[in-house]
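Q: here is my input, please return the structure:
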Amino acid sequence: MVTRRTLMAGSAALGLAGTLPARAQSASIVVGTWGGDYGALLQQNIDVPLMKPQGIEVSQDIANQDPRRTKLIAERTSRRASMDVACINDIDSYMLSQLGVLETVPGAEVPRLSQVIDVFKKPHSIPHIYSALVVLYNPSKVTTPPTRYSDIFDPKYKGRVGFSDILWNFNMAGANIGAGGTSTDFTKGKAALMDLKKLQPKVYPSNETLAAALKSEEVWISMMWLARGFMWKQAGIPVEMAIPEEGALPILFEAGVPKNSRAKDGAFKYLNAMLDPQAQVAFAQKMGYVPTVKDAKLPADLAKQISLTEAQQAKLRPLDYATMQEQQAAFNDFWNKEFKG
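A: Numbers count the residues shown, from 1 in each chain. Prediction:
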(Lines give C-alpha, C1' and ligand atoms only; values in the text may rest on other atoms or scores of the structure.)
Protein backbone atom coordinates (compact mmCIF):
# COMPACT_ATOMS: atom_id res chain seq x y z
CA MET A 1 0.00 0.00 0.00
CA VAL A 2 1.25 3.50 -0.76
CA THR A 3 1.95 5.49 2.38
CA ARG A 4 3.55 8.80 3.03
CA ARG A 5 6.57 6.94 4.32
CA THR A 6 7.08 4.96 1.12
CA LEU A 7 6.79 8.00 -1.08
CA MET A 8 8.78 10.45 1.02
CA ALA A 9 12.24 10.88 -0.39
CA GLY A 10 14.10 12.13 2.65
CA SER A 11 14.88 15.67 3.73
CA ALA A 12 17.27 17.76 1.72
CA ALA A 13 19.66 19.98 3.62
CA LEU A 14 18.72 23.65 3.71
CA GLY A 15 20.58 25.52 0.97
CA LEU A 16 22.11 28.92 1.18
CA ALA A 17 19.71 31.65 0.06
CA GLY A 18 20.70 33.79 -2.90
CA THR A 19 22.84 36.74 -2.04
CA LEU A 20 20.73 39.15 -4.12
CA PRO A 21 17.37 40.49 -2.89
CA ALA A 22 14.47 38.61 -4.45
CA ARG A 23 13.33 41.58 -6.54
CA ALA A 24 16.82 41.95 -8.01
CA GLN A 25 16.91 38.43 -9.36
CA SER A 26 16.60 37.58 -13.02
CA ALA A 27 13.21 37.93 -14.73
CA SER A 28 14.03 34.93 -16.90
CA ILE A 29 14.39 31.29 -15.88
CA VAL A 30 15.60 28.08 -17.49
CA VAL A 31 13.49 24.95 -17.01
CA GLY A 32 15.17 21.59 -17.53
CA THR A 33 12.55 19.29 -19.04
CA TRP A 34 11.98 16.34 -21.35
CA GLY A 35 10.58 18.44 -24.16
CA GLY A 36 8.17 16.66 -26.49
CA ASP A 37 4.56 16.56 -25.32
CA TYR A 38 5.51 17.43 -21.77
CA GLY A 39 7.54 20.47 -22.77
CA ALA A 40 4.82 21.68 -25.12
CA LEU A 41 2.19 21.45 -22.37
CA LEU A 42 4.45 23.38 -20.00
CA GLN A 43 4.67 26.15 -22.60
CA GLN A 44 0.95 26.16 -23.35
CA ASN A 45 -0.36 25.96 -19.79
CA ILE A 46 2.35 27.44 -17.56
CA ASP A 47 5.09 29.36 -19.39
CA VAL A 48 2.85 31.63 -21.45
CA PRO A 49 -0.45 32.01 -19.51
CA LEU A 50 0.91 31.94 -15.95
CA MET A 51 4.54 33.11 -16.03
CA LYS A 52 4.54 35.71 -18.79
CA PRO A 53 1.96 37.94 -17.03
CA GLN A 54 4.34 37.97 -14.04
CA GLY A 55 7.11 39.30 -16.28
CA ILE A 56 9.05 36.02 -16.21
CA GLU A 57 10.35 34.65 -19.51
CA VAL A 58 10.87 30.89 -19.62
CA SER A 59 13.29 28.94 -21.81
CA GLN A 60 13.63 25.18 -21.83
CA ASP A 61 16.78 23.09 -21.49
CA ILE A 62 15.59 19.93 -23.23
CA ALA A 63 17.21 16.57 -22.48
CA ASN A 64 16.35 13.09 -21.31
CA GLN A 65 16.34 12.24 -17.62
CA ASP A 66 19.84 10.76 -17.28
CA PRO A 67 21.76 13.68 -18.87
CA ARG A 68 19.76 16.19 -16.81
CA ARG A 69 20.53 14.36 -13.57
CA THR A 70 24.21 14.10 -14.51
CA LYS A 71 24.35 17.83 -15.27
CA LEU A 72 22.71 18.77 -11.98
CA ILE A 73 25.17 16.66 -10.01
CA ALA A 74 28.18 17.96 -11.96
CA GLU A 75 27.10 21.59 -11.42
CA ARG A 76 26.36 21.36 -7.69
CA THR A 77 29.73 22.92 -6.78
CA SER A 78 29.47 25.60 -9.47
CA ARG A 79 28.61 29.19 -8.64
CA ARG A 80 25.50 28.98 -10.81
CA ALA A 81 23.46 26.11 -12.16
CA SER A 82 22.56 26.09 -15.85
CA MET A 83 18.89 25.53 -15.01
CA ASP A 84 16.63 27.11 -12.41
CA VAL A 85 13.90 24.46 -12.35
CA ALA A 86 14.61 20.77 -12.89
CA CYS A 87 11.80 18.43 -13.94
CA ILE A 88 12.66 15.01 -12.52
CA ASN A 89 11.15 11.64 -11.74
CA ASP A 90 10.82 10.34 -8.20
CA ILE A 91 13.97 8.17 -8.36
CA ASP A 92 16.18 11.10 -9.31
CA SER A 93 14.38 13.34 -6.83
CA TYR A 94 15.50 11.04 -4.03
CA MET A 95 19.06 10.85 -5.31
CA LEU A 96 19.43 14.60 -5.83
CA SER A 97 18.01 15.35 -2.39
CA GLN A 98 20.45 12.92 -0.78
CA LEU A 99 23.33 14.62 -2.60
CA GLY A 100 22.22 18.06 -1.44
CA VAL A 101 21.54 19.36 -4.95
CA LEU A 102 17.99 20.66 -4.42
CA GLU A 103 16.83 23.63 -2.37
CA THR A 104 14.13 23.13 0.24
CA VAL A 105 10.84 24.39 -1.15
CA PRO A 106 9.56 27.26 1.05
CA GLY A 107 5.83 27.19 1.68
CA ALA A 108 5.69 30.98 1.84
CA GLU A 109 6.96 31.25 -1.75
CA VAL A 110 5.01 28.27 -3.06
CA PRO A 111 1.60 28.73 -1.39
CA ARG A 112 -0.01 26.12 -3.63
CA LEU A 113 1.79 23.48 -1.56
CA SER A 114 -1.18 23.70 0.80
CA GLN A 115 -3.30 21.97 -1.87
CA VAL A 116 -0.90 19.08 -2.53
CA ILE A 117 -2.22 15.61 -1.64
CA ASP A 118 -0.52 14.81 1.66
CA VAL A 119 1.08 11.51 0.61
CA PHE A 120 2.98 13.29 -2.17
CA LYS A 121 4.51 16.08 -0.07
CA LYS A 122 8.31 16.23 0.05
CA PRO A 123 10.62 18.94 1.41
CA HIS A 124 12.86 19.39 -1.63
CA SER A 125 10.45 19.19 -4.58
CA ILE A 126 6.86 19.61 -5.68
CA PRO A 127 4.85 16.73 -7.14
CA HIS A 128 3.55 17.67 -10.57
CA ILE A 129 1.67 14.68 -12.01
CA TYR A 130 1.53 10.93 -11.46
CA SER A 131 0.53 7.65 -13.09
CA ALA A 132 1.28 3.91 -12.93
CA LEU A 133 3.21 1.43 -15.08
CA VAL A 134 0.81 -0.86 -16.93
CA VAL A 135 0.92 -3.45 -19.69
CA LEU A 136 0.12 -1.77 -23.00
CA TYR A 137 -1.09 -4.06 -25.78
CA ASN A 138 -2.68 -4.17 -29.23
CA PRO A 139 -6.07 -5.86 -28.72
CA SER A 140 -6.23 -7.15 -32.29
CA LYS A 141 -2.90 -8.97 -31.86
CA VAL A 142 -3.00 -9.80 -28.15
CA THR A 143 -6.46 -11.34 -28.05
CA THR A 144 -6.32 -12.48 -24.42
CA PRO A 145 -5.95 -9.32 -22.32
CA PRO A 146 -2.81 -9.36 -20.16
CA THR A 147 -3.29 -9.44 -16.40
CA ARG A 148 0.30 -9.34 -15.11
CA TYR A 149 3.67 -7.80 -15.97
CA SER A 150 4.94 -11.33 -16.61
CA ASP A 151 2.70 -11.60 -19.69
CA ILE A 152 5.37 -9.72 -21.67
CA PHE A 153 7.63 -12.77 -21.22
CA ASP A 154 5.26 -15.07 -23.16
CA PRO A 155 7.15 -16.72 -26.09
CA LYS A 156 4.15 -16.17 -28.38
CA TYR A 157 5.12 -12.49 -28.49
CA LYS A 158 8.59 -13.21 -29.87
CA GLY A 159 9.85 -10.14 -31.74
CA ARG A 160 6.79 -8.11 -30.74
CA VAL A 161 7.74 -6.85 -27.29
CA GLY A 162 8.93 -3.24 -27.19
CA PHE A 163 10.48 -0.96 -24.57
CA SER A 164 11.25 2.75 -24.33
CA ASP A 165 14.95 3.05 -23.56
CA ILE A 166 14.55 6.21 -21.48
CA LEU A 167 12.42 4.20 -19.03
CA TRP A 168 15.12 1.55 -18.55
CA ASN A 169 15.04 1.63 -14.74
CA PHE A 170 11.25 1.41 -14.58
CA ASN A 171 11.27 -1.34 -17.23
CA MET A 172 13.64 -3.30 -15.01
CA ALA A 173 11.50 -2.69 -11.94
CA GLY A 174 8.31 -3.78 -13.71
CA ALA A 175 9.98 -6.89 -15.11
CA ASN A 176 11.29 -7.68 -11.62
CA ILE A 177 7.79 -7.48 -10.13
CA GLY A 178 6.52 -9.71 -12.93
CA ALA A 179 9.25 -12.26 -12.24
CA GLY A 180 8.44 -12.36 -8.53
CA GLY A 181 11.35 -10.26 -7.32
CA THR A 182 11.32 -7.84 -4.42
CA SER A 183 11.93 -4.10 -4.32
CA THR A 184 15.44 -4.69 -2.94
CA ASP A 185 16.47 -7.77 -4.96
CA PHE A 186 16.37 -7.69 -8.77
CA THR A 187 17.95 -11.12 -9.34
CA LYS A 188 14.72 -12.67 -10.65
CA GLY A 189 13.97 -9.68 -12.85
CA LYS A 190 17.40 -9.76 -14.47
CA ALA A 191 17.08 -13.48 -15.19
CA ALA A 192 13.64 -12.96 -16.74
CA LEU A 193 14.94 -10.14 -18.94
CA MET A 194 17.85 -12.29 -20.14
CA ASP A 195 15.36 -15.02 -21.07
CA LEU A 196 13.25 -12.39 -22.84
CA LYS A 197 16.34 -11.27 -24.77
CA LYS A 198 16.27 -14.62 -26.57
CA LEU A 199 12.82 -13.66 -27.89
CA GLN A 200 14.22 -10.59 -29.67
CA PRO A 201 12.51 -7.69 -27.89
CA LYS A 202 12.94 -4.24 -29.39
CA VAL A 203 14.23 -1.19 -27.51
CA TYR A 204 13.33 2.26 -28.87
CA PRO A 205 15.18 5.48 -28.00
CA SER A 206 12.13 7.39 -26.76
CA ASN A 207 8.48 7.11 -25.81
CA GLU A 208 7.54 8.70 -29.13
CA THR A 209 9.44 6.13 -31.20
CA LEU A 210 7.82 3.31 -29.22
CA ALA A 211 4.45 4.90 -29.97
CA ALA A 212 5.27 4.86 -33.68
CA ALA A 213 6.15 1.16 -33.45
CA LEU A 214 2.84 0.42 -31.72
CA LYS A 215 0.99 2.38 -34.38
CA SER A 216 2.66 0.47 -37.20
CA GLU A 217 2.02 -2.79 -35.28
CA GLU A 218 5.71 -3.59 -35.25
CA VAL A 219 5.21 -3.90 -31.49
CA TRP A 220 2.21 -5.63 -29.93
CA ILE A 221 2.91 -5.43 -26.21
CA SER A 222 4.94 -3.22 -23.88
CA MET A 223 5.18 -1.69 -20.42
CA MET A 224 4.30 1.98 -20.28
CA TRP A 225 2.61 4.59 -18.12
CA LEU A 226 -1.18 4.38 -18.01
CA ALA A 227 -1.16 8.07 -18.89
CA ARG A 228 0.80 7.49 -22.09
CA GLY A 229 -1.50 4.65 -23.05
CA PHE A 230 -4.46 6.99 -22.68
CA MET A 231 -2.80 9.68 -24.79
CA TRP A 232 -1.79 7.26 -27.52
CA LYS A 233 -5.23 5.66 -27.64
CA GLN A 234 -6.75 9.13 -28.01
CA ALA A 235 -4.38 9.70 -30.93
CA GLY A 236 -5.67 6.60 -32.71
CA ILE A 237 -2.90 4.16 -31.82
CA PRO A 238 -4.44 0.68 -31.37
CA VAL A 239 -3.70 0.07 -27.68
CA GLU A 240 -5.48 -0.95 -24.51
CA MET A 241 -4.09 -0.76 -20.97
CA ALA A 242 -4.01 -3.58 -18.42
CA ILE A 243 -3.27 -2.78 -14.78
CA PRO A 244 -1.29 -5.74 -13.38
CA GLU A 245 -3.18 -7.64 -10.75
CA GLU A 246 -0.08 -8.16 -8.60
CA GLY A 247 0.10 -4.38 -8.11
CA ALA A 248 1.34 -1.63 -10.42
CA LEU A 249 4.49 0.43 -10.12
CA PRO A 250 3.62 4.11 -9.48
CA ILE A 251 5.50 7.01 -11.07
CA LEU A 252 5.60 10.54 -9.75
CA PHE A 253 6.99 13.37 -11.86
CA GLU A 254 8.32 16.23 -9.77
CA ALA A 255 10.20 19.51 -10.03
CA GLY A 256 12.84 21.12 -7.85
CA VAL A 257 15.14 24.14 -7.71
CA PRO A 258 18.94 23.67 -7.61
CA LYS A 259 20.54 25.35 -4.61
CA ASN A 260 22.75 27.36 -6.97
CA SER A 261 19.93 28.56 -9.22
CA ARG A 262 20.55 32.13 -10.41
CA ALA A 263 16.83 32.99 -10.21
CA LYS A 264 15.24 31.32 -7.21
CA ASP A 265 12.47 33.89 -6.93
CA GLY A 266 11.21 33.12 -10.43
CA ALA A 267 11.92 29.41 -10.01
CA PHE A 268 9.68 29.11 -6.95
CA LYS A 269 6.97 31.05 -8.76
CA TYR A 270 7.27 28.44 -11.50
CA LEU A 271 6.87 25.57 -9.03
CA ASN A 272 3.77 27.30 -7.70
CA ALA A 273 2.36 27.59 -11.22
CA MET A 274 2.97 23.88 -11.84
CA LEU A 275 0.50 23.24 -9.01
CA ASP A 276 -2.21 25.37 -10.63
CA PRO A 277 -5.38 23.23 -10.85
CA GLN A 278 -6.32 24.26 -14.38
CA ALA A 279 -2.78 23.55 -15.64
CA GLN A 280 -2.84 20.12 -14.03
CA VAL A 281 -6.23 19.31 -15.53
CA ALA A 282 -4.83 20.31 -18.94
CA PHE A 283 -2.01 17.77 -18.52
CA ALA A 284 -4.59 15.14 -17.57
CA GLN A 285 -6.75 15.89 -20.60
CA LYS A 286 -3.84 15.76 -23.02
CA MET A 287 -1.41 13.26 -21.50
CA GLY A 288 -3.54 11.32 -19.02
CA TYR A 289 -1.47 12.05 -15.91
CA VAL A 290 -3.43 12.44 -12.68
CA PRO A 291 -3.24 15.77 -10.77
CA THR A 292 -1.42 15.96 -7.44
CA VAL A 293 -3.49 18.81 -5.97
CA LYS A 294 -6.79 18.43 -4.16
CA ASP A 295 -8.64 21.20 -6.00
CA ALA A 296 -7.97 19.93 -9.54
CA LYS A 297 -11.30 18.37 -10.52
CA LEU A 298 -11.33 16.00 -13.48
CA PRO A 299 -14.42 15.29 -15.58
CA ALA A 300 -15.91 11.97 -14.45
CA ASP A 301 -15.35 10.20 -17.77
CA LEU A 302 -11.70 11.27 -17.86
CA ALA A 303 -11.07 10.26 -14.24
CA LYS A 304 -12.45 6.80 -15.01
CA GLN A 305 -9.95 6.33 -17.84
CA ILE A 306 -6.76 7.54 -16.17
CA SER A 307 -7.25 6.91 -12.44
CA LEU A 308 -6.84 3.73 -10.41
CA THR A 309 -9.59 2.27 -8.27
CA GLU A 310 -9.15 2.35 -4.51
CA ALA A 311 -8.31 -1.37 -4.59
CA GLN A 312 -5.67 -0.82 -7.27
CA GLN A 313 -4.21 2.12 -5.37
CA ALA A 314 -3.95 -0.06 -2.26
CA LYS A 315 -1.86 -2.60 -4.23
CA LEU A 316 0.60 -0.13 -5.73
CA ARG A 317 4.24 -1.28 -5.51
CA PRO A 318 6.45 1.77 -4.89
CA LEU A 319 10.15 1.60 -5.67
CA ASP A 320 12.69 1.30 -2.90
CA TYR A 321 14.49 4.56 -3.64
CA ALA A 322 17.59 3.66 -1.62
CA THR A 323 18.06 0.47 -3.66
CA MET A 324 17.52 2.30 -6.94
CA GLN A 325 20.17 4.85 -5.96
CA GLU A 326 22.69 2.34 -4.63
CA GLN A 327 22.32 0.04 -7.64
CA GLN A 328 21.88 2.64 -10.36
CA ALA A 329 25.27 2.12 -12.02
CA ALA A 330 24.97 -1.68 -11.83
CA PHE A 331 21.39 -1.65 -13.13
CA ASN A 332 22.33 0.71 -15.96
CA ASP A 333 25.25 -1.52 -16.93
CA PHE A 334 22.98 -4.56 -16.94
CA TRP A 335 20.39 -2.83 -19.13
CA ASN A 336 22.89 -1.46 -21.65
CA LYS A 337 25.57 -4.14 -21.73
CA GLU A 338 23.73 -7.36 -20.95
CA PHE A 339 20.10 -6.92 -21.93
CA LYS A 340 20.57 -4.57 -24.90
CA GLY A 341 24.11 -5.65 -25.77
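
Q: where do the helices sit along the stretch 101-250 of the chain?
A: Using DSSP state H, counting those that start in this stretch, the helices of the stretch 101-250 of the chain run over residues 168-178, 187-197, 207-215, 226-234.

Q: want to try a markdown table for these, with mean neighbour count as columns?
A: Heads up, the C-betas are built off the backbone N, CA and C, glycines and all. Listed next are those as a markdown table, based on neighbours: other CB atoms under 10 Å:
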| stretch | mean neighbour count |
| --- | --- |
| helix 168-178 | 23 |
| helix 187-197 | 17 |
| helix 207-215 | 19 |
| helix 226-234 | 22 |
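
Q: just the pLDDT for Ala314.
A: For Ala314, the pLDDT comes out at 85.

Q: also Ala24?
A: Per-residue confidence (pLDDT) for Ala24: 40.

Q: hang on, the earlier thing: I'd like the helices of the stretch 101-250 of the chain written out as a markdown table, with mean pLDDT and distance to Arg160 added.
A: Output for the helices of the stretch 101-250 of the chain, formatted as a markdown table (pLDDT from 0 to 100; distance: least, CB to CB, whole Å):
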| stretch | mean pLDDT | distance to Arg160 |
| --- | --- | --- |
| helix 168-178 | 97 | 16 |
| helix 187-197 | 98 | 12 |
| helix 207-215 | 96 | 10 |
| helix 226-234 | 94 | 17 |
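
Q: and these: which comes nearest Gly162?
A: Taking CB to CB, helix 207-215 is the member of those nearest to Gly162, at 5.4 Å.

Q: Ile56 contacts Ile46, doesn't it?
A: No: Ile56 is beyond contact range of Ile46, at 10.5 Å (criterion: CB atoms under 8 Å).

Q: Val323: neighbouring residues, count only.
A: Actually, residue 323 is Thr. It isn't Val. By other CB atoms under 10 Å, 16 other residues sit near Thr323.

Q: now swap in Asp66 and tell me
A: Other residues close to Asp66 by other CB under 10 Å number 14.

Q: kindly report the same for the one 10 residues further on.
A: The burial metric for Arg76, expressed as a neighbour count using other CB under 10 Å, is 16.

Q: Arg69 versus that one, what's the distance?
A: 11 Å (CB to CB, to the nearest Å).

Q: backbone dihedrals for the residue lying closest to Asp320 once chain neighbours are set aside, please?
A: Distances taken as CB to CB, 6 or more residues apart in numbering place Ser183 nearest to Asp320, at 4.0 Å, with adjacent residues excluded. Here is the backbone geometry of Ser183 (degrees, to the nearest 10): phi -70, psi -10.

Q: residues in contact with Ser183?
A: By CB atoms under 8 Å, 6 or more residues apart in numbering, Ser183 lies in contact with 173, 317-320, 323.

Q: with Lys158 instead?
A: Per CB under 8 Å, 6+ apart, neighbours of Lys158: 199-200.

Q: tell me which of the contacts of Ser183 has the lowest pLDDT.
A: Among the contacts of Ser183, Pro318 carries the lowest pLDDT, at 90.

Q: distance of it from Phe120?
A: 12 Å.

Q: repeat that for Met224.
A: Counting by CB to CB, the gap from Met224 to Phe120 is 22 Å.

Q: which of the two has more neighbours?
A: Counting neighbours by other CB under 10 Å for Met224 and for Phe120 shows that Met224 has the greater number, 26 against 20.

Q: and Asp154, how many neighbours?
A: 16.

Q: now do Glu326
A: By other CB under 10 Å, neighbour count at Glu326 equals 13.

Q: out of everything not next to it in sequence, what's closest to Glu240?
A: Pro139 is the one closest to Glu240 (CB to CB, 6+ apart), at 4.9 Å.
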